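Trainee: no FASTA, just this:
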Ligand code: NDP
């Protein structure tokens, strides 16, 4: 029987998840369908339940529903529970297992695809929304020298600092208070790039060796990546690799098979070029 999966969000038409999962399915010979579902902003729960009742086996959840998905899950993996956000559902009879694969996807993209170790490195994480929340624990598990989290609304970064303090060296700081410091890896987990905006950053935080990573992806380099290049950073990456790797991790949860990701990342980069 063909198993059905979907990505749910609002907006959703831009999503590359159907393309990625169908490529995984062809590659691993899985009998499955994967579609994109637009849920009304006030209708997430009923859209998920309707999909389950129609025989859906699992879902990916994207902006802005990851925290609602956390509430809806009946069971949580450890990483989803600690993140407080869910991007993957697996439906099992009347249970809804919630997982969060964003952090594993980011870490795999940085350490394996981009060949940049995180252990003992200094990291700046910009943003304190759903995406930031999902990646903090997996980043800390790599035992960086330190993780600094900065956000436009500073108290949200402070809350995350308190929440994750037990898992590693994490501090919260305001953007302009970063003056005088530099970082090995700077990750933009804000949605500022969506509006071609950039948080105000003090000069000097990028060095030649800094990896500048924007979780957002687009045809043109984002404002953040252009700024990082102007500041001298030579290693620049957008979020395509993370997108494919988090999808591979969801696929593994559903199908028990790890798809090969390199060719799919390369093809998506080519089709965006
Ligand atoms: P949220 O809406 O939950 O959070 C948005 C964050 O961005 C907040 O910290 C917000 O700060 C900050 N922000 C927004 N606009 C600005 C601005 N103009 N200046 C400074 N800070 C700003 O979004 P998500 O965390 O879910 O997503 C963040 C980004 O990550 C999106 O671009 C998304 O597409 C991308 N993403 C990519 C993935 C991938 O696989 N590549 C996976 C998940 C997300 P404040 O708290 O002050 O409002």
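Mentor: Arrived safely. Quick caveat: nothing in here was measured; it's all calculated off a predicted structure.

Trainee: every contact and neighbour count from this point should use C-alpha atoms.
Mentor: Fine.

Trainee: give the contact list for the closest residue to residue 235 other than its chain neighbours.
Mentor: Distances taken as Cα to Cα, 6 or more residues apart in numbering put residue 211 closest to residue 235, at 4.8 Å, once the chain neighbours are dropped. Contact analysis of residue 211 by Cα atoms under 8 Å, 6 or more residues apart in numbering lists 184, 185, 186, 233, 234, 235, 236, 237.

Trainee: now do residue 74 against the ligand, distance only.
Mentor: Distance from residue 74 to the ligand, counting by Cα to the nearest ligand atom, to the nearest Å: 22 Å.

Trainee: distance check, that residue against residue 231.
Mentor: 46 Å (Cα to Cα, to the nearest Å).

Trainee: then residue 209?
Mentor: From residue 209 over to residue 231 the distance is 11 Å, taken as Cα to Cα.

Trainee: of all residues in the chain, which one is nearest the centre?
Mentor: The centre of the chain sits closest to residue 102, judged by Cα atoms, centre = their mean, with a distance of 3.7 Å.

Trainee: secondary structure class for residue 135?
Mentor: At residue 135 the chain is in helix, as set by DSSP: H, G, I helix; E, B strand; the rest coil.

Trainee: should've said residue 217
Mentor: Secondary structure for residue 217, judged by three-state DSSP, is coil.

Trainee: tell me who's in contact with it.
Mentor: 238, 239, 240.

Trainee: of those, which belong to helices?
Mentor: For the contacts of residue 217, membership in helices holds for residue 240, with DSSP state H as the criterion.

Trainee: using CSV, please lay out the contacts of residue 217 together with pLDDT, neighbour count and distance to residue 32.
Mentor: Formatted as CSV, the contacts of residue 217 follow (pLDDT from 0 to 100; neighbours: other Cα atoms under 10 Å; distance: Cα to Cα, whole Å):
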residue, pLDDT, neighbour count, distance to residue 32
238, 96, 22, 29
239, 96, 20, 26
240, 97, 21, 23
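
Trainee: so how many other residues sit close to residue 46?
Mentor: By other Cα atoms under 10 Å, 12 other residues sit near residue 46.

Trainee: where's it, which helix or strand?
Mentor: Per DSSP states H and E, residue 46 falls inside helix 44-53.

Trainee: after that helix, which helix or strand is next?
Mentor: Helix 44-53 is succeeded, C-terminally, by strand 56-61 (DSSP H and E).

Trainee: state the mean pLDDT of that following strand.
Mentor: Taken as a whole, strand 56-61 has an average pLDDT of 98.

Trainee: same question for stretch 66-78.
Mentor: Average pLDDT, stretch 66-78: 97.

Trainee: near residue 259, how many other residues are there?
Mentor: What residue 259 shows, counting by other Cα under 10 Å, is a neighbour count of 21.

Trainee: so residue 109 touches residue 243, yeah?
Mentor: No - between residue 109 and residue 243 there is no contact under Cα atoms under 8 Å: 9.0 Å.

Trainee: what is the burial count for residue 54?
Mentor: Around residue 54 there are 9 residues (other Cα under 10 Å).

Trainee: mind checking how far it is from residue 232?
Mentor: From residue 54 to residue 232 the distance is 52 Å (Cα to Cα).

Trainee: many thanks, have a good one.
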